[in-house]
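**Student:** sequence first, then the predicted structure:
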Amino acid sequence: TWKCTQSFGNAGFDGFDEASDPGDVVTAVDFDQRGDYLAVGDKAGRVWIYESSAVENREAADRAKSNFQPVDYKFYGQFQSHEPEFDYLKSLEIEEKINMIRWCKRQNDSLMLLATNDKTVKLWKIYERKIKRISHMNMDHENFSVDMTALDVKVPDMTHFDTVTAATPRRIYANAHAYHINSISLNSDGETFISADDLRINLWHLDISDQACTIVDIK
């Protein structure tokens with residue numbers, strides 16, 4: 001028996017609400033290798049990241065899985081992956097809609113994923129950035145005195161204020177498909193991936209964005 005244990009958004013269980021923003025329509029989803037993170041792409045070109053409760057408490061999550069209890073996910077971050085473009089050579093408008101998302105193998109504290117629209121694949125680095133602010137000044141206007149010396153001046157204290165999720169594009173793989181990209185797949189080596197349209201399949205290396213090897217072309 002299947003049942004829904006958690007949902008995000010305002011549409012509820014009855015489907016998409018016509019009064020909602022059309023850009024909120026989900027077009028791609030993908031879990032990472034451990035199921036700790038869920039990436040959701042929408043029609044507006046955004047990628048939403050959700051984090052599992054297992055990340056903070058692995059033992060409790062393992063117990064929940066052994067008892068067939070659902071694992072909760074919470075909002076982790078969101079960023080704009082693709083923007084609408086226009087191909088002047090073909091007089092074609094390129095939508096920002098996310099067609100597919102694939103997580104890369106994790107090698108450090110940062111997260112890496114591939115996201116594609118009809119024409120461009122992007123490699124994104126997702127990480128937590130700590131924001132600091134000045135908490136203690138060495139003086140204020142009320143205690144200021146012209147008799148103060150250099151010994152009275154102290155460096156202000158910087159303390160942790162907040163932690164935000166940031167995303168940075170590491171590579172952009174473009175201009176290799178004449179038709180709309182419909183799928184991408186990361187290889188088992190964790191270093192290469194393939195992108196495919198209706199007539200062509202290209203092989204890419206994650207570190208090389210200006211060259212691709214065409215392995216299938218039935219044009």
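**Tutor:** Nice, thanks for sending it over. Small disclaimer: the values here were computed from a predicted structure and weren't measured.
**Student:** and residue 49, how far is that from residue 76?
**Tutor:** Going from residue 49 to residue 76 by CB to CB, to the nearest Å gives 4 Å. From N, CA and C alone the C-beta is placed, and that goes for glycine too.
**Student:** give the residues shared as contacts by those two.
**Tutor:** Residues touching both residue 49 and residue 76 (CB atoms under 8 Å, 6 or more residues apart in numbering): 37, 165.
**Student:** can you map out the strands along this protein?
**Tutor:** 26-31, 37-42, 46-52, 73-80, 85-87, 92-94, 100-103, 111-116, 121-136, 157-173, 183-186, 192-196, 200-205, 208-217 (DSSP state E).
**Student:** who are the packing partners of the last one?
**Tutor:** It refers to strand 208-217. Judged by 3 or more CB pairs under 8 Å, 6 or more residues apart in numbering; DSSP states H and E, the packing partners of strand 208-217 are strand 157-173, strand 192-196, strand 200-205.
**Student:** next, format those as TSV and append mean neighbour count.
**Tutor:** What follows is these, written out as TSV (neighbours: other CB atoms under 10 Å):
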stretch	mean neighbour count
strand 157-173	13
strand 192-196	19
strand 200-205	19
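**Student:** now the ones you listed in TSV, with mean pLDDT and distance to residue 39?
**Tutor:** Formatted as TSV, the helices and strands packed on strand 208-217 follow (pLDDT from 0 to 100; distance: least, CB to CB, whole Å):
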stretch	mean pLDDT	distance to residue 39
strand 157-173	87	11
strand 192-196	97	15
strand 200-205	96	19
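**Student:** of these, which is nearest residue 30?
**Tutor:** strand 192-196 (13.1 Å; CB to CB).
**Student:** relative to strand 157-173, how tilted is the closest one?
**Tutor:** 50 degrees (axes from the mean of the first three to the mean of the last three CA atoms, to 10 degrees).
**Student:** could you list the paired strands of strand 192-196 along with their orientation?
**Tutor:** Using DSSP bridges, strand 192-196 pairs in its sheet with strand 183-186 (antiparallel), strand 200-205 (antiparallel).
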